[in-house]
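Student: Structure of the sequence below:
(one chain, ligands or ions: 2)
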Amino acid sequence: MLNRRNLLKLTAAGGAAALFPWERVAAAGSPATGPAALAETADAAPFAQAMPVPRVLRPVRSTRSADFYRMRMKEADAEIVKGLTSRVRTYGGTFPGPTIRARSGREVVIRQTNGLTVPTAVHLHGGHVRSEHDGLPMDTIEPGDSRTYRYPNTQRASSLWYHDHAHHLEAENVFLGLHGTYLLSDREERRLPLPSGRYDIPLAIRDARVEADGTLRYTRPSDCPNMLVNGKERPYFEVAARKYRLRLYNACANRYLRLRFADGAEFTQIGSDGGLLAEPVGHTEVTLLGGERLDVVVDFARYRVGTSVVLENTGALPGERPEVMRFDVVRGTADRSRVPDRLAELPPVPRGTVERDFTLQTFPAMTINGRTYDPERADVVTRVGSSEVWTIRNVDTPVAPPDFHVWHSFHTHLVMFRVLERNGGPAGPTDAGLKDTVTLGPGESVKIAMTWGEYSGQYVFHCHQLGHSSGGQMGRIDVLP
Ligand code: C2O
Ligand code: CU
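Tutor: Numbers count the residues shown, from 1 in each chain. Ligands and ions are numbered 1, 2, ... in the order given. As a prediction, this is how the structure comes out:
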C-alpha cells in the first residue's frame with residue numbers, strides 16, 4: 001500500500017526549506033543569529049573501544065530453499081563514544097543492525113516489525129527483488145505494523161546492505177542506525193582462495209555527531225566530526241599478521257570518504273557494489289560516496305606483531321581528526337589465502353540502444369532533470385530487457401570545503417550497471433566491475449550501461465547522499481513487462 005503522508009509533508013514544507021531536515025531545525029533558530037546552536041560534541045579520544053563485528057543473524061526457520069528471519073525495529077541505547085549512552089534506532093537492538101549472510105539460490109524471507117514511532121521502509125540496497133519487496137519510499141511500514149520482505153538471491157555474490165528508505169525520513173533513520181550489511185555469497189566466490197570466515201569483515205564507515213550528553217544528532221555533515229566504524233567512534237581492531245578481506249561501506253548519510261592507510265600501504269580491490277571484479281586492482285587511496293562499497297584485501301603480514309596502522313580519511317574537514325580506525329597487529333598466524341590474478345567472469349557489458357540523460361543539482365532545489373521526486377509521476381518508462389546508456393551529469397560547480405553538498409552519488413534500484421566513461425574519458429579507478437552506485441564530483445559526468453529486468457514494476461533511482469534523496473533528488477522508473 002502506498003502511503004501519501006510523507007508526500008504531503010514535502011508539499012507542505014515546500015521550496016528550499018525541504019532540502020535538508022536539519023534546515024527545518026535551523027529554521028527554528030532566530031533569523032538574526034541563524035541556525036539554532038548545537039550542543040558541544042563529546043570529547044572522544046580515538047581508539048578507546050574495540051571495533052565490533054556485527055553479529056550474524058540466525059534464521060528462525062529454514063527450509064530446503066529459504067531462510068526465514070525476524071527483525072524488530074526499535075530504539076535502543078548504544079555506547080558509540082566510550083562512557084556515553086546514545087539513543088539510537090536499530091534493527092533488532094544492535095547499532096548498526098545484524099549482518100545477514102545469504103547464499104545465491106536460497107531465498108531470504110524477513111518479517112520486519114516497526115517498533116519505532118516513525119514510518120520505515122526496508123530496502124535491500126543492490127538487491128534484485130520484486131517491486132513490492134523493494135522497500136520503496138512511499139511503501140512504508142507504519143509504527144506497530146509488520147511486513148514480510150522476500151529476497152530471491154538470484155544474483156551473483158555481492159556486498160549488499162539493507163537500510164531505511166521511508167521518504168523524507170531515510171537520511172535521519174539511517175543516520176540514527178537503521179542500516180546493516182547483507183553479504184551474499186555464491187559457489188564461484190567460495191571456490192576462490194580469498195580470506196574468509198573471521199578474516200572476512202564488513203566495515204560500515206560513517207560520520208556522526210555525538211554530543212557531550214551522548215545525544216546522536218542528525219545534522220549537516222560539516223557538524224558531524226565523529227567517525228564510526230561498525231557503530232563505534234574511531235575504534236581499534238586486533239588483527240593477525242595475515243590477509244583480511246574488508247568490505248568497506250560508505251554508510252554516511254551525506255559525505256564522501258577518502259580512505260588510505262597512514263603509511264601509504266597499497267591494498268587490493270577485489271570487488272565492487274555488485275561483486276567480484278574480473279581481476280584485482282591495487283590502490284593506495286579510494287574515494288567512496290554514500291552507498292558505495294569496495295571489497296578489498298589488506299595484507300597485515302607487512303607489519304611486525306606489536307605494531308599498528310591507522311586507516312585515515314583524507315577527506316576529513318579542517319579541524320576534524322583524519323583517523324577512522326586503527327588496526328593493531330597482535331599475533332602471527334599461517335595464511336593460505338591469496339588473491340588470484342583472475343577473480344571472476346563478468347557478464348558482457350550491455351550494448352545500449354536507448355539513451356537517456358540525467359542532471360543532478362543541489363540548487364535551488366534537490367532535483368534530477370529539474371524536478372523533485374513525485375511518487376505519482378513516472379520519470380522513466382522502460383521494459384524488461386531494455387539495454388540502455390545513461391549519461392549522468394553533476395552540474396553543481398566546485399566550492400570550497402565543506403563541499404559535500406555539491407557531490408552526488410547516483411544509485412539505481414533493481415539493476416547493476418557498468419561505468420563506460422567518466423568525464424568523456426575512461427572510467428575512474430573505482431568504477432570497475434558491476435556497480436549500483438556511482439560517485440559524481442562537482443562538474444563530473446559519467447556514462448553507464450545497464451539492462452533492465454529481471455522484474456517489471458515500479459522502482460526508483462536517486463542520489464545516495466541521503467539528505468539529497470530525502471529532499472527529492474529521486475525519480476521513479478516503471479519497468480514494463
Ligand atoms: Cu541504498 Cu534507494 O538506496
Ligand atoms: Cu545528490
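Student: who's the residue of the chain found nearest ligand 1 bridged to?
Tutor: The chain approaches ligand 1 most closely through His125 (3.4 Å), counting by Cβ to the nearest ligand atom. C-betas here are computed from N, CA, C, even on glycine. Judged by DSSP bridges, the bridge partners of His125 are Trp161.
Student: Next one: it from ligand 2, what distance?
Tutor: Distance of His125 to ligand 2, computed by Cβ to the ion, to the nearest Å: 16 Å.
Student: Could you check how many residues crowd around that residue?
Tutor: His125 has 23 neighbouring residues, counting by other Cβ atoms under 10 Å.
Student: just checking, it touches Gly290?
Tutor: No. Using Cβ atoms under 8 Å as the test, His125 is too far from Gly290 to be in contact (10.5 Å).
Student: Common neighbours of these two, please.
Tutor: Taking Cβ atoms under 8 Å, 6 or more residues apart in numbering as the contact rule, His125 and Gly290 have no neighbour in common.
Student: re earlier: please name the residues that touch the residue of the chain closest to ligand 1.
Tutor: So His125 contacts Leu160, Trp161, Tyr162, His163, Gly291, His411, Asp436 (Cβ under 8 Å, 6+ apart).
Student: tell me the secondary structure for the fourth one?
Tutor: So that's His163. strand (DSSP: H, G, I helix; E, B strand; the rest coil).
Student: Excluding sequence neighbours, find me the nearest residue to it.
Tutor: Of all residues not flanking His163 in the chain, His179 sits nearest, at 4.0 Å (Cβ to Cβ, 6 or more residues apart in numbering).
Student: Quick one: residues contacting the one you found.
Tutor: For His179, the contact set (Cβ under 8 Å, 6+ apart) comprises Tyr91, Pro96, Gly97, Trp161, Tyr162, His163, Asp164, Ala204, Ala251.
Student: Of those, which pair is most distant in space?
Tutor: Within the contacts of His179, two members stand farthest from each other by Cβ to Cβ: Asp164 and Ala204, at 14.0 Å.
Student: between these two, which one's more packed in?
Tutor: Asp164 (29 against 24).
Student: and the more buried one, how far is that from Tyr91?
Tutor: Relative to Tyr91, Asp164 is positioned 9 Å away (Cβ to Cβ, to the nearest Å).
Student: Find residues that contact each of these two.
Tutor: With Cβ under 8 Å, 6+ apart as the test, Asp164 and Tyr91 both reach Leu178, His179.
Student: Please enumerate the strands of the stretch 51-200 of the chain.
Tutor: For the stretch 51-200 of the chain, the strands defined by DSSP state E, counting those that start in this stretch cover 61-62, 66-78, 86-91, 100-103, 107-114, 122-125, 146-151, 158-164, 179-185, 200-208.
Student: deepest of those, which one?
Tutor: Mean neighbour count (mean count of other Cβ atoms under 10 Å) peaks for strand 158-164 among the strands of the stretch 51-200 of the chain, with a mean of 27.
Student: Just name whatever secondary elements that one is in contact with.
Tutor: strand 122-125, helix 170-175, strand 179-185, strand 243-250, strand 293-299 (3 or more Cβ pairs under 8 Å, 6 or more residues apart in numbering; DSSP states H and E).
Student: Contacts for it next, please.
Tutor: 91, 97, 100, 120-127, 170, 173-174, 178-184, 202, 204, 247, 249, 251, 271, 273-275, 293, 295, 434.
Student: Would you enumerate the residues in contact with Gly370?
Tutor: Taking Cβ under 8 Å, 6+ apart as the contact definition, Gly370 lies against Thr359, Gln361.
Student: Enumerate the residues of the stretch 351-481 of the chain near ligand 2.
Tutor: Proximity of the stretch 351-481 of the chain to ligand 2, by Cβ under 5 Å from the ion, involves residues His408, Cys463, Gln465, His468, Gln473.
Student: ok, those vs Gly441, which is closest?
Tutor: Looking across those and measuring by Cβ to Cβ, the closest to Gly441 is His408, at 8.6 Å.
Student: Which residues of this protein lie near ligand 2?
Tutor: Residues of the chain lying near ligand 2 by Cβ under 5 Å from the ion: His408, Cys463, Gln465, His468, Gln473.
Student: Leaving out the residues flanking it, which one is nearest to Arg336?
Tutor: Counting by Cβ to Cβ, 6+ apart, the residue nearest Arg336 is Pro193, at 6.9 Å.
Student: which residues touch the one you found?
Tutor: Neighbour list for Pro193: Arg336, Ser337, Arg338, Pro340 [criterion: Cβ under 8 Å, 6+ apart].
Student: Contact partners for Asn114?
Tutor: The contact partners of Asn114, by Cβ under 8 Å, 6+ apart, come to Met73, Thr120, Ile141, Glu142, Pro143, Gly144, Asp145, Ser146.
Student: change it to 6 Å
Tutor: Going by Cβ atoms under 6 Å, 6 or more residues apart in numbering, Asn114 touches Met73, Thr120, Ile141, Pro143, Asp145.
Student: likewise Asp478?
Tutor: Asp478 neighbours (Cβ under 6 Å, 6+ apart): Ala378, Val381, Gln458.
Student: go with 10 Å
Tutor: Residues in contact with Asp478, defined by Cβ atoms under 10 Å, 6 or more residues apart in numbering, are Ser131, Ala378, Asp379, Val380, Val381, Thr382, Arg383, Ser456, Gly457, Gln458, Tyr459.
Student: Which members of those residues occur in strands, if any?
Tutor: Among the contacts of Asp478, DSSP state E puts Val380, Val381, Thr382, Arg383, Gly457, Gln458, Tyr459 in strands.
Student: Neighbour-wise, give me the winner out of those residues.
Tutor: Tyr459 (23 neighbours).
Student: Report the beta-bridge partner residues of it.
Tutor: Tyr459 forms beta bridges with Ile477, as assigned by DSSP bridges.
Student: Quick check: chain neighbours aside, which residue is closest to whatever residue of the stretch 251-400 of the chain ends up closest to ligand 2?
Tutor: Residue nearest to ligand 2 within the stretch 251-400 of the chain (Cβ to the ion): Leu360, separated by 5.4 Å. Leaving aside its sequence neighbours, Leu360 sits nearest to His408 (Cβ to Cβ, 6+ apart; 4.3 Å).
Student: Just the buried subset of the contacts of Asn114, written out for PyMOL, thanks.
Tutor: Buried subset of the contacts of Asn114, written as a PyMOL selection, criterion 16 or more other Cβ atoms under 10 Å:
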select buried, resi 73+120+141
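Student: Tell me the one of the contacts of Asn114 nearest Gly441?
Tutor: Taking Cβ to Cβ as the measure, Thr120 is the one of these closest to Gly441, at 31.4 Å.
Student: The closest one against Thr140, yeah?
Tutor: Yes. With contacts counted by Cβ atoms under 10 Å, Thr120 reaches Thr140, the gap being 6.3 Å.
Student: Please enumerate the strands of the stretch 251-400 of the chain.
Tutor: Counting by DSSP E, counting those that start in this stretch, the stretch 251-400 of the chain has these strands, from start to end: 257-261, 267-272, 275-283, 285-288, 293-299, 308-313, 323-332, 354-361, 367-368, 380-383, 387-394.
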